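In: below: sequence and its predicted model.
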Amino acid sequence: MTAGSRGDVAPYTGLGHRLARAGHEVTLVTHARFEPLLSGSGVRFHPLPVDPRAELESPRGRGLHRSAGEATKLVRLADMARRLVGRMTEDLLMAARDSEVLLLAASLAPLGHTIAEGLHLPSMGVYLQPLAGTREFAPPVLGGGSWGPAVNRVAGHGVCLATEHIFSGALPGVRERLGLPPVRSGAALRARERRLWPVQHGFSPLVVPRPRDWRPGLAVSGYWWPYDTEDQLPDVVREFLDDGPAPVFVGLGSATVPDAARLSAQVVAALRRAGLRGVVQRGWGGLAADGDDMLTIDDVPHALLFPRMAAVVHHAGAGTTAAGLRAGVPAVPVPIQFDAGFWAARLVALGVAPAAVPLRRLTVDALSSALLRATREPAYGRRARSLAARIRAEDGAAEVLAALERLGGG
């Protein structure tokens, strides 16, 4: 069960496919618009009624861009999510009643865990970001970095409590329906922690090592790669790639931007100033580029496209960050919101990106300078290729399979 944008869904298509190949009957429970991602995967689908793109493009969703900082933006997003939870609850209950084990993304964990408890089902977290508080870094959803060990850990616990609060309006009714006693705010989180509720994290320990102060039961398994229905690039993309030197990919995934035309012009100008061709993905933000040296594309599997790039410029979402690392090409992260700042900082620390260029401070000069360093200084490519080889050798889905066996789902 997962909710959110495409990046919050795609890794579970590959994980689900791997579990299905191992003999499990798997259903992905998420927004209806993502059903095509499962075509041919052997994974069943149960739709949720909310359309995340429509919500982001609504007046309330566009209001996120007017937030002064990450904390304010997070409060606005939490308010939006709280309004939507009730619309998804009935379908989550319906899907759970047809299940024997629930695997829960962080976005739905508080509600999903309550449903599992009420239906007497085993459950496990399958998270794409580190959520539990740690002394080692500040909460990723607030941009990461470090505010000092003590503040880092307290802030992390505060974010977990805030996540629980999103479901505070829906949980009392669900608990009553399932015959569970009422609980005070935060009590359910503390109960999960005391019981060492298992959580597998779908990122590489080479990228984010498991924090030393995490409790038992929190594991870092390795990436879960999306299931790709296509095995070759579209003809128009292949022809563009074959017609000149390796271009740079530019895409912001499911992120929306205040002024797509202005940003597109800046991106094209930066690429041309650096003497680079570009493959620009429209995404939910609506980017576009014209000219013989530019190609505008819609969705193309990153696993096929990224290895052909000289570098990748992206919004530093967890999934796109992983795809770039897997491809072994340098990155120029353009973090926009929430955990993007955390992943961007990791790319720089790993030596595969020269610098982050946050969207709020993006200029033609800043982007072109970062592009020149990423594509012309050989060290970034060497480090990216070396790290990619080690990441590709990991098997994150195998760790989830083993955990599922221990949970009683084997």
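Out: That came through, no problem. Numbers count the residues shown, from 1 in each chain.

In: how about the closest residue to A116 other than its chain neighbours, phi and psi?
Out: Using C-beta to C-beta, 6 or more residues apart in numbering and skipping residues adjacent in sequence, the residue nearest A116 is S123, 3.8 Å away. C-beta here means a position set from N, CA and C on the backbone, and glycine is covered the same way. Phi and psi for S123, reported as degrees, to the nearest 10, are phi -150, psi 160.

In: check I297 too.
Out: The phi and psi values for I297, taken as degrees, to the nearest 10, are phi -130, psi 160.

In: beta partners for the residue nearest to A116?
Out: For S123, the beta-bridge partners are L102 (DSSP bridges).

In: which residues touch it?
Out: Contact analysis of S123 by C-beta atoms under 8 Å, 6 or more residues apart in numbering lists 101-104, 112-113, 116, 197.

In: list the helices and strands the helix or strand harbouring V313 packs on?
Out: Using DSSP states H and E, V313 falls within strand 311-314. If you count contacts as 3 or more C-beta pairs under 8 Å, 6 or more residues apart in numbering; DSSP states H and E, strand 311-314 packs onto strand 248-251, helix 318-327, strand 331-333, helix 364-376.

In: compare the ones you listed and give me the one nearest I166.
Out: Set against I166 and scored by C-beta to C-beta, the helices and strands packed on strand 311-314 come closest in helix 318-327, at 19.2 Å.

In: the stretch 1-150 of the chain: helices as residue ranges?
Out: Counting by DSSP state H, counting those that start in this stretch, the stretch 1-150 of the chain has helices at residues 10-21, 52-56, 59-62, 70-97, 109-119, 149-166.

In: pLDDT weak spots in the stretch 301-410 of the chain?
Out: 409-410 (pLDDT under 70).

In: that older thread, ok, the contacts of S123 vs L28, which is closest?
Out: Using C-beta to C-beta, L103 comes nearest to L28 of the contacts of S123, at 9.6 Å.

In: looks like the closest one contacts P122 (just checking).
Out: No - with contact defined as C-beta atoms under 8 Å, L103 does not reach P122; the gap is 9.9 Å.

In: comparing those two, which residue is more hemmed in?
Out: L103 (26 against 15; other C-beta atoms under 10 Å).

In: which residue packs closest to that one, ignoring adjacent ones?
Out: Per C-beta to C-beta, 6+ apart, closest to L103 is V126, 4.8 Å.

In: what of F306?
Out: A327 (3.5 Å).

In: distance of R192 from G186?
Out: Look at R192 and G186: by C-beta to C-beta, to the nearest Å, they are 11 Å apart.

In: out of these two, which sits in the busier spot?
Out: R192 (21 against 14).

In: how close does the more buried one get to F34?
Out: From R192 to F34 the distance is 27 Å (C-beta to C-beta).

In: go on, P140?
Out: On the measure of C-beta to C-beta, P140 and F34 end up 23 Å apart.

In: mind splitting this protein into its structural domains?
Out: The record's domain parsing of the chain by automatic domain parsing lists 6-223+394-407, 235-392.

In: how far does the longest one sit from the chain's center?
Out: Distance of domain 6-223+394-407 from the chain centroid (C-alpha atoms, centre = their mean, to the nearest Å) equals 11 Å.

In: same thing with stretch 290-298?
Out: 26 Å.

In: name the residues of it that are buried.
Out: Buried residues in stretch 290-298, defined by neighbour count with 16 or more other C-beta atoms under 10 Å: 293-295, 297.

In: could you redo these as JSON lines and give each row distance to L407?
Out: Formatted as JSON lines, those follow (distance: C-beta to C-beta, whole Å):
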{"residue": "D293", "distance to L407": "52"}
{"residue": "M294", "distance to L407": "49"}
{"residue": "L295", "distance to L407": "46"}
{"residue": "I297", "distance to L407": "40"}
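
In: re earlier: so the residue nearest to F306 makes contact with P307?
Out: Yes - at 4.6 Å, A327 counts as touching P307 under the criterion of C-beta under 8 Å.

In: which of those two has more neighbours?
Out: Neighbour count, other C-beta under 10 Å: between A327 and P307, A327 has more, with 22 against 14.

In: next one: the more buried one from A10, what distance?
Out: For A327, the distance to A10 - C-beta to C-beta - is 15 Å.

In: same thing with A393?
Out: From A393 to A10 the distance is 21 Å (C-beta to C-beta).
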